[in-house]
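S.K.: no sequence on this one, just coordinates:
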């Protein structure tokens, strides 16, 4: 079992930055790959970014490439999402998720464990 707790959400103006953190417990953190997803009101939850167990492989959805960076610190059992040049369309609840099988996937069905989410609001 993996417990995940997100933090770092908030309200910013367009063009601003936020760094989300997700702290994990309950399982050796370096044994799981991690992902970030987001869900805007009335929309389905969508993939944002993912990172491999060792941090050497990452992938992003096209809309955040060049603006967001996913990283992890296995010594601190934490994964991060650095978000720069934020846009109003980035407004959503952001969730971190863990895949115990180690895939770096954009498909949420592969992620067995989820955090409770943190709200990000970007105003124009």
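M.R.: Perfect, I can see it now. Please read all numbers here as calculations on a predicted model, not as lab measurements. Numbers count the residues shown, from 1 in each chain.
S.K.: quick one: contacts for the residue nearest to the spatial centre of the chain?
M.R.: Residue closest to the mean C-alpha point of the chain, counted by C-alpha atoms, centre = their mean, is residue 36 at 2.3 Å. Going by C-beta atoms under 8 Å, 6 or more residues apart in numbering, residue 36 touches 20, 22, 48-50, 70, 79, 81, 94-97. Bear in mind the C-beta positions are built from the backbone N, C-alpha and C, glycine included.
S.K.: same check, this time on residue 37
M.R.: Shown in contact with residue 37 (C-beta under 8 Å, 6+ apart): 45-48, 94-97, 108, 111.
S.K.: beta partners for it?
M.R.: residue 47, residue 95 (DSSP bridges).
S.K.: Do you have the strands of the protein handy? List them.
M.R.: Taking DSSP state E as the criterion, the chain contains strands spanning 3-7, 10-13, 18-25, 33-39, 46-51, 58-60, 68-73, 78-83, 92-99, 113-114, 118-123.
S.K.: No more questions from me, cheers.
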